[in-house]
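Asks: Sharing a sequence plus its predicted fold:
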Amino acid sequence: ADAPRILSCKFSNKGVSLNVTFSEPTDRAQLNGQTQCDVLFSAETNMFGQGCTLSWVSDQSLTLMLPNDALILPGDELSLVPGKVRNWRRNSLYSQGSFVVQGPDTVPTVVSRLVAPTSVSACDGVTIDASSSSGSAGRPMQYSFFILRNVVNAAEIQSQLHLAENGIATIPSSMIQDGVSYTFGVRVNNFLGGESTSQAIVSKVSSQVPSLVIEVPPESTLPSSSDRYLQARMVQSACSATALPVTTQWSIKQQPAGNELDLSTLDTVSQLRLYLPGNFLPADKSFVVNINAVGQNDASIVASASLSIQTVAENLSVRIDGGDMTVSSSADVLISAFVSGQVSNSDLTYTWSCSPQPCLQGNTLSSAGSTLLIPKGDISKGTYSIVVTVRDSVYGRQGVQETFLTFVVGDVPLAMIAPITVPKVNSRHRLRLSGDLSSDPLDRPLSYEWSQLAGDDLFSRDADGTLSKIMSPIDTAFLVIDRNVLVPGMEYTLRLRVSNGDSSGVAQVSFIVNEP
């Protein structure tokens, strides 16, 4: 028989992986779980980066998870390693040949953000910072700074801007002329062609004013139901031997009408930090946040900074306890849904569904709000999709989560992973996954084994055999991933296998890492 052909190799819309589809079901190269990309594919040197892994999604498709140092781009050519992949009957020729990598259906959106003071004093230089821009698609961004205003020494300043590193450019005081306003800009690109520009105007004044900026939040839009801290940063002028005594005043105006919000009920954690409780800002509106530094002696405004923000109605983040699981058809199964992003007066309703139909005898689900009970014997052997839809009638939000339950015959242990209760995890924090809710119907002792199905390789070992990214043994009920290990923008899938010595059950959990 003819060999299976590769129909497409395409970047995912998030840019962190390649999705490969074959023309027919294959034997998966007789590979199980996760393996290195170069086992099946070859490319020019270093194109895969360090730690590229692949895993089969089905007999006909697989996913390559690309690390952030990968060099593969749309239009590049990859080749299959000969003698690896055949059809699922294993009676065909081996697949071979090269193919072109396609771009994603939708390029990740880049949102450029340029932070700079509105004014600097005679002794101070200017620092403009675009490092809070988002939409990197899992790889380093490219930043191009430029000056728009036609000033006398524009060419000199442009040369200085070319020296920017990591999205931050600094212009020394000697290049900035007194009484002149400068318009700086930045063009930010991701490796898939997404692009965005932003600008900032900076003036040099003769007085000894501090430099004041508001730090840009990591999101391009702020969920209105979430608590939020706004942080300003003030640096005293280098001209002054002593700090200029100032107080700060915050204000927020809704756009375009310019109506000012009453901040008298808010707590300012410090003069430079403002706390916005959830639902203080209405959803789907635009605002300008301003902070003024006011001199304590004459009450004049000596420095100011502003930030434009857009709020959105945040959908509920729903997680199902345990994730995808293998369970016994001869035991009751109780699963629960957990919701984050809600507020105290939310009115939540839960709707459960099951497919393919009829998946339950009598075609009914026994649910009590956030929990679903499937009595033993009510479901036949096989794999089923369980979906919960949660609606908030007060704020008009909803969230949907799906999990897959595989019912088998026999007293298999129930593997469960406690749900991750945030939409995206923070790579700067340690992540702790818990499987201690797993159980055995006959109370037999359990053993545990963690593994990985998708994402940048977390289980790589050092030369001495130790796990460098995992802070706990992989054969216990808990798995702790070290901080600064998870790749921003990447999606990971981890699996827990629980065994009682005779049979085993599995559960898996997927999560996305928040971009910086």
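Replies: Thanks, I have the structure now.

Asks: got the contact list for stretch 223-235?
Replies: 210-215, 217, 222, 246, 248, 250, 269, 272-279, 281-284, 289, 291, 293, 303, 305, 307, 311-314, 341-343, 395, 397 (CB atoms under 8 Å, 6 or more residues apart in numbering). From N, CA and C alone the C-beta is placed, and that goes for glycine too.

Asks: And for residue 180, the neighbour number?
Replies: 14 (other CB atoms under 10 Å).

Asks: In this structure it contacts residue 203, no?
Replies: Yes - contact status for residue 180 versus residue 203: in contact at 7.1 Å, counting by CB atoms under 8 Å.

Asks: residue contacts, residue 38?
Replies: So residue 38 contacts 48, 52, 81 (CB under 8 Å, 6+ apart).

Asks: which secondary structure element contains residue 155?
Replies: helix 154-161 (DSSP states H and E).

Asks: Now do that helix: everything it contacts.
Replies: By CB under 8 Å, 6+ apart, helix 154-161 touches 145-147, 151, 169-172, 175, 182, 184.

Asks: Can you flag the buried ones in the contacts of residue 38?
Replies: 48, 52 (16 or more other CB atoms under 10 Å).

Asks: Among the contacts of residue 38, which one lies nearest to residue 498?
Replies: Set against residue 498, the nearest of the contacts of residue 38 by CB to CB is residue 52 (29.3 Å).

Asks: Flag the shaky bits of this protein, pLDDT-wise.
Replies: For the chain, the stretches with pLDDT under 70 are 218-220, 269, 322-323, 340-346, 357-358, 360-368, 421-423, 515-516.

Asks: ok, the nearest residue to residue 327 once chain neighbours are set aside to residue 416 distance?
Replies: Using CB to CB, 6 or more residues apart in numbering and skipping residues adjacent in sequence, the residue nearest residue 327 is residue 333, 5.1 Å away. Distance, residue 333 to residue 416, by CB to CB, to the nearest Å: 11 Å.

Asks: Neighbour count: these two, which is higher?
Replies: residue 416 (23 against 20).

Asks: quick one: the more buried one from residue 401, how far?
Replies: With CB to CB as the criterion, residue 416 and residue 401 are 15 Å apart.

Asks: now residue 495
Replies: 18 Å.

Asks: mind saving the C-alpha coords of stretch 415-427 as PDB?
Replies: Taking C-alpha atoms only, stretch 415-427 is exported to PDB below (Å, rounded to 0.1, in the frame of the first residue of the first chain):
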ATOM      1  CA  ALA A 415      -7.100   9.200  39.300                       C
ATOM      2  CA  MET A 416      -7.900  12.800  40.100                       C
ATOM      3  CA  ILE A 417      -5.800  16.000  39.700                       C
ATOM      4  CA  ALA A 418      -7.100  19.000  41.700                       C
ATOM      5  CA  PRO A 419      -8.200  21.700  39.200                       C
ATOM      6  CA  ILE A 420      -6.100  24.800  38.500                       C
ATOM      7  CA  THR A 421      -8.300  27.600  39.500                       C
ATOM      8  CA  VAL A 422      -6.800  30.400  37.400                       C
ATOM      9  CA  PRO A 423      -7.200  30.900  33.600                       C
ATOM     10  CA  LYS A 424      -3.500  31.100  33.100                       C
ATOM     11  CA  VAL A 425      -0.600  30.300  35.400                       C
ATOM     12  CA  ASN A 426       2.300  32.600  36.200                       C
ATOM     13  CA  SER A 427       5.700  31.300  35.300                       C
END
